[in-house]
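how would this look folded up:
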Amino acid sequence: MDSGAIRRRLALGLAVLTAGGLLAFMGAGSAQAASSCSGRKVRTLPFTTGSVQVYKRSGYVCAVTFPEARGARKRMSVSVQARGGRPVVDSGHFAHHAGPVTLYAGHRCVRIKGSVGSGSVSSGWILC
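Numbers count the residues shown, from 1 in each chain. Take a look at the predicted model:
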């Protein structure tokens, strides 16, 4: 095999590996979002600047806030509070999402809050 053929095969192999890596990297945001909370999605709480996705599994409630437009870091927060308990909160300046926050609620009602920038949502007592 001549050196030109070897170089072409190496270049093709490198191109395939690079493309595979880029696809894995680009898909990581949605895969991470889907796998950041375990259980089944029970609610999506939309608001003007984003949404909060709520999951439930075996008495545990998990929530993640996603901005409408990802990329630039913005002020975000998410909280889950079981009735009679203190809220579990994640807040700060994030580019992709706030959370996940998880809390054992058992059979108690929970209140979910989320915000992105100036927009926010509060669920009231749900999942009773």
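
drop to CA atoms for contacts and neighbour counts, all remaining ones
Noted.

D90 touches R75, doesn't it?
No - if you go by C-alpha atoms under 8 Å, D90 and R75 don't touch, sitting 10.9 Å apart.

Now G85: which helix or strand?
Using DSSP states H and E, G85 is not contained in any helix or strand.

per-residue pLDDT, it?
Confidence at G85, expressed as pLDDT, is 96.

and the gap between R83 and S36?
Per C-alpha to C-alpha, to the nearest Å, R83 is found 24 Å from S36.

Please name the residues that touch G92.
G92 is in contact with 74-77, 98, counting by C-alpha atoms under 8 Å, 6 or more residues apart in numbering.

That should have said V64, apologies.
V64 neighbours (C-alpha under 8 Å, 6+ apart): 37, 52-54, 78, 97-101.

now these in CSV, with neighbour count, pLDDT and distance to S120?
Below are the contacts of V64 laid out as CSV (neighbours: other C-alpha atoms under 10 Å; pLDDT from 0 to 100; distance: C-alpha to C-alpha, whole Å):
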residue, neighbour count, pLDDT, distance to S120
C37, 22, 93, 21
V52, 30, 97, 9
Q53, 22, 97, 13
V54, 23, 97, 15
V78, 30, 98, 10
H97, 27, 96, 14
A98, 26, 96, 13
G99, 26, 96, 15
P100, 20, 97, 17
V101, 20, 97, 17
